[in-house]
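> could you look at this predicted model? Sequence included:
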Amino acid sequence: MPRFLRIAGPALALALGCAGTAPPAAAPGPQAPRPILPPPPWQLRGSVAEGWEAKPPSSPPVVIHGATLMLGTGRTIERGTIILDKGKIAVVAEGDLPTPTGSIVVDGTGKFVTPGLIDTHSHMGVYPMINTTGSEDGNEASSPTTPDAQTADAFWPQDPTIERAVAGGVTTVQVLPGSANLIGGRAITLKLRPEASAREMHVPGAPDGLKMACGENPKRVYGKGRHSAPMTRMGNLAGQRAAFLKAKKLREQWSRWTDEESRRIEADSKKRATYEAKHDERARRDTYCRENGEPDPCEAWRRQWHDQPLDDPPTSQPIATPDRDPGTETLAAAIEGRVLVHVHCYRADDMMTMLALADEMGFRVRSFHHALEAYKIRDVLAARQIAVSTWADWWGFKMEGFDGIPENAAMVSASNGRTIIHSDSEEGVQRLNQEASKAMASGRRAGIDVSEDEALRWVTINPAWALGIDHRVGSLEPGKDADVVLWSKDPFSVYAVAEKVWIDGAILYERGKPHWSDFELGQEPPPALPVPSRGGPFDDVKAPVLLPRPGGAP
Amino acid sequence: VKAAHLLALAAVLALAASDARAQKAKPPVAPAPAKSPAVAEAPALVYAGATVHLGTGEVLNDVTVVVAEGKIVAVGKSVAAPAGAQTLNAKGMVITPGLVDALTSVGLVEVDLEEETHDDRQGGADALRAGFRAADGYNPASIVIGVTRAEGLTSVGVIPRGGLISGQSAWADLDGATAAEALAAPLLALHVHLDADGQGGHATALLRVREAFDDARTFQRNRAAWERNQSRRFAPSRLDLEALAGALDGKLPVVFHVDRAADILSALALARDLKLRPVVAGGAEAWKVAKELAAAKVPVIVYPLEQVSTFDAIGAREDNAAKLFAAGVAVGISTGETHNARKLRQVAGNAVRSGLPHDAAVAAITRVPAEALGMGARYGTLAAGKVANLVVWSGDPLEISTRVVELVIRGRRVSLRNRQTALFEKYRTLTH
């Protein structure tokens, strides 16, 4: 390390000049800035897919005119025009509008336009439609608590469910782990475009979800199935509490690390500042002495400097960050609301118990899924702004589903709750419009006033809210993603079909067009070959065209 | 004898009246005496001015349906109301035969995942369970019944599950205090699975089923030898042999649960060889062999929402029903569900969405399953003399917004209340 007195150069001497007989007072040094430390790892990215999203295909502007526009905002335009441009909804207006040049014009007369439907609860890609052991990837049932599992890592983009969901007008889904586990892992929210991987389908900015489960499923898989914890609902909560306590501890560790590391860095910089201040003072005095003919007390100073040389202060060792633990980090993110908590829960008492745990551990439940008894505690759920993702009419498949009633959705809705109709089914996701329609009809039959707009919100803006993406999808409003469905008739009719579906302003589906899943290719016998003319050459046989290899090698 | 004669006369008159061209109708004649006290107590019912789907495919506008003593008495333009009849102005409403889901376990299963609430299968490892009777487990007090009924189903096929030959189904009307009262046919059909899930594959399934029927044929031809213990060893047990023999020669329909086109053809061949009366259930790939099914006059009961869920069903498609119907096959529709058999009309609506004509879809949940299962003489259409199972709807029965206005089972108006409506009422306002 350089020792003092070898650094003072001519510049310093010039700056100081030859003013006065006493050394001038030193200017106060700048305050050391508070050190900036890396955040805990769970705060770095909102989703495991962040940065991987594929750019949506580009399209000329699309103008749909003449259709009934169901906006999902509380408003319906009987005969309107909607323009999609650069991936976004550009215009939503009544009547006809002039068509921008070069745009694709769609006559929607007599038809209906809605936002792309959104399903908060799908296992597509991890429990594919084709039900084989080789492709079952939805439950990491090796332990009841697997917050480190991520559906993004298992999603099979060739699942035939995907394109069928689009054919049903669905444009966005959350793909969740199953409910075998108390804490199943991270869910991911996807746009249903054909891509090579889940990460490329990720809705930019969508936070990941955390899947948890109440009640019977974990008990059945572990307690009954393997005679291991959890055996009871008590064990369920014990397991969840233990996992969240770990997360609380990890947050404390990170908080302590941040404090201690800050203190260390601050102490180091304090030492350095003291050293530098002393160094500067000696340099100033040295210059003063040299320039003024070594007056008193320069000799004494130089003796002191010689006896007490200034050493560069050593830097202390950084304190190690807490050990990485992706699962616990995910739970920490859940506590901080960075990952949205979705809890599979049927019974009212199970939901209340989960809320007690949430309060105890400091996380918020974004939505209960299935929630067949939500109607019994709809006031609590509304007051806490917890969304209710449910079905129109599933019930009876297990004890916790015994009290399901078809009015559930409408009752929650009528009590200012946020109702969502979800599918949890490769079949149901193709008919979310019908399911919402059924739930609406059941409510109306029971005397609950449900408007079509409200029922539309059950499958558009409300699920968008639950997934934390209501700022970009879920309603037909200028500036939002151009995820749009053109229906052959009122989408609440059983006979309605999605004729065209756009995602990010590009046409993705047209009725009658072939499937895009690789899995379904070649399942039909090929067409018969033409009979060659007698004695003639095989005119229909063409030489195969070989794809050039990357890099130009033959 | 006289009563029966009068009934026949009434049927003829009513049929004439039901013809849209008939301008003049005869008053109904008193039908046969009632069979159960419930029926005897019920007053005659008149639904006037409705649009009526007869179940035959025919739709009549502005007609009146008269029900008395458990039977349809008349369907026609200007039929007279019997004295003391309750009359409902059904103008703007739609009447269909009561809906039938032929492939459910209603009354056999209370809660799917609660094993002890299951009476839908014979326990044990033996895959040959022909002797098992769904009727023996039917619980007329099941809460599933009321829930199912509320969506317009008046009858269900109650089917056994599991094994290669699951047993014999029953036909239940969704009313009645006892099983004996509810089960209009305690032995409806024999159920055979060639989809062979977990049974060793398709070839094994076919082999064992063929062997079982073959044994039954031998057993039937010389039962005395068997009783004297002078027969070769048979694969099925005595009760299974008797049940199998009961289905030979078309005496009882044999429902083949099968999806793959190749296996459907195997079922047809087996049925031809053994002189069975086959019905195909499921038939995800039936559209691929529609011509063969039509030629063999084999009805197919499809699940229109069936997905590409297995390699057997890899050819599943939404327009299966439409394609089969177009090829001339008798198409029935089922949900294949128990707790949500109530979705039947939505499921049929989806078949229409995929190209099945509307009247064919209504027939597919009324007449076709009744005829396929040998119940066509009493059920499935609105014709004089048939069991008075009918539904009055607020509109198109297949449309979601439509609701059941009136439900009539065996001539009696049945309440739409059930455990779920009781829960709704209890929680209509929150008190906690």
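That came through, no problem.

> neighbours around A:D481, how many?
26 (other CB atoms under 10 Å in any protein chain shown). C-beta: built from backbone N, CA, C; applies to glycine.

> and A:G178, by the same measure?
23.

> for B:V192, which residues are in contact?
B:V192 sits next to B:L164, B:I165, B:S166, B:V209, B:V254, B:V255, B:F256, B:H257, B:A267 when contact means CB atoms under 8 Å, 6 or more residues apart in numbering or on different chains.

> nearest residue to the first one in space, please, no chain neighbours.
Translated: B:L164. Once flanking residues are discounted, B:L164 sits nearest to B:A127: 4.2 Å by CB to CB, 6 or more residues apart in numbering or on different chains.

> relative to chain A, how far out is that neighbour?
Using CB to the nearest CB, to the nearest Å, B:A127 is found at 22 Å from chain A.

> kindly report the same for B:R428.
8 Å.

> and what of B:R221?
Following CB to the nearest CB, the distance that separates B:R221 from chain A is 43 Å.

> for that residue, grab the count of nearby residues.
With other CB under 10 Å as criterion, B:R221 counts 11.

> got the contact list for the residue of the stretch 151-300 of chain A found nearest chain B?
Of all residues in the stretch 151-300 of chain A, the one sitting closest to chain B is A:P160 (5.5 Å; CB to the nearest CB). With contacts defined as CB under 8 Å, 6+ apart, the neighbours of A:P160 are A:P128, A:M129, A:I130, A:H515, A:S517, A:F519, A:E520, B:V308.

> look up phi and psi at the residue nearest to the first one when sequence neighbours are not counted.
Meaning A:P128. Excluding the flanking residues, the one nearest A:P128 by CB to CB, 6+ apart is A:D159, at 4.0 Å. Per-residue torsions, A:D159: phi -60, psi 120 (degrees, to the nearest 10).

> A:D159: how many residues sit nearby?
A:D159 has 24 nearby residues by other CB under 10 Å.

> do the same with A:T321
15.

> quick one: average pLDDT of the host helix or strand of A:L381?
Applying DSSP states H and E as the criterion places A:L381 in helix A:378-383. Taken as a whole, helix A:378-383 has an average pLDDT of 98.

> what's the next secondary structure element after it?
Trace forward from helix A:378-383 with DSSP H and E and the next one is strand A:387-390.

> can that following strand be said to contact chain B?
No: with CB under 8 Å from any CB of the partner chain as the criterion, chain B is not reached by strand A:387-390; the gap is at least 14.2 Å.

> now that strand: average pLDDT?
98.

> which secondary structure elements does the next helix or strand after that strand sit against?
Counting by DSSP H and E, the next helix or strand C-terminal to strand A:387-390 is helix A:408-414. The contact analysis (3 or more CB pairs under 8 Å, 6 or more residues apart in numbering or on different chains; DSSP states H and E) places helix A:408-414 against helix A:378-383, strand A:387-390, strand A:418-421, helix A:432-445.

> mean neighbour count added to these, as CSV?
Shown next, in CSV, are the helices and strands packed on helix A:408-414 (neighbours: other CB atoms under 10 Å in any protein chain shown):
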stretch, mean neighbour count
helix A:378-383, 19
strand A:387-390, 30
strand A:418-421, 29
helix A:432-445, 25
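
> need the contact partners of stretch B:171-187.
B:36, B:38, B:106-107, B:133, B:135, B:138-140, B:145, B:148-149, B:153-158, B:168, B:170, B:188, B:246, B:252, B:373-375, B:378-379, B:387, B:389, B:409-410, B:412, B:414.

> what sits against the residue nearest to B:L164?
B:G163, B:L164, B:I165, B:Q199, B:R208.

> where in chain A is pLDDT low?
A:1-33, A:531-554 (pLDDT under 70).

> got a PyMOL select line for the buried ones in the contacts of A:P160?
Applying 16 or more other CB atoms under 10 Å in any protein chain shown to the contacts of A:P160, the buried members can be selected in PyMOL as follows:
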select buried, (chain A and resi 128+129+130+517+519+520) or (chain B and resi 308)
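
> got the residues of the stretch 401-550 of chain A near chain B?
So the stretch 401-550 of chain A meets chain B at A:401-407, A:411, A:415, A:426-427, A:431, A:434, A:437-438, A:441, A:444-446, A:492-497, A:520, A:523 (CB under 8 Å from any CB).

> let's see 7 Å
A:402-403, A:405-407, A:426-427, A:434, A:437-438, A:441, A:445-446, A:492-495, A:497, A:523 (CB under 7 Å from any CB of the partner chain).

> show me which of those residues are buried.
A:402-403, A:405-407, A:426-427, A:434, A:437-438, A:441, A:445-446, A:492-495, A:497.

> get me the contact residues on chain A for chain B.
So chain A meets chain B at A:129-131, A:160, A:375-376, A:379, A:393-399, A:402-403, A:405-407, A:426-427, A:434, A:437-438, A:441, A:445-446, A:492-495, A:497, A:523 (CB under 7 Å from any CB).

> quick one: end-to-end length of stretch A:111-122, please.
28 Å (CA to CA, to the nearest Å).

> closest to A:S59 among the contacts of B:A127?
B:Q199 (51.1 Å; CB to CB).

> look up the residues forming beta bridges with A:H342.
Beta-bridge pairing for A:H342 (DSSP bridges): A:K211, A:S367.

> tell me how far it lies from A:E360.
19 Å (CB to CB, to the nearest Å).

> neighbour count winner among the two?
A:H342 (27 against 13).

> distance-wise, check the more buried one relative to A:G468.
Taking CB to CB, one finds A:H342 at 11 Å from A:G468.

> same list, the contacts of B:A127, but as TSV with pLDDT and secondary structure please.
Formatted as TSV, the contacts of B:A127 follow (pLDDT from 0 to 100; DSSP: H, G, I helix; E, B strand; the rest coil):
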residue	pLDDT	secondary structure
B:G163	92	coil
B:L164	94	coil
B:I165	96	strand
B:Q199	67	coil
B:R208	94	helix
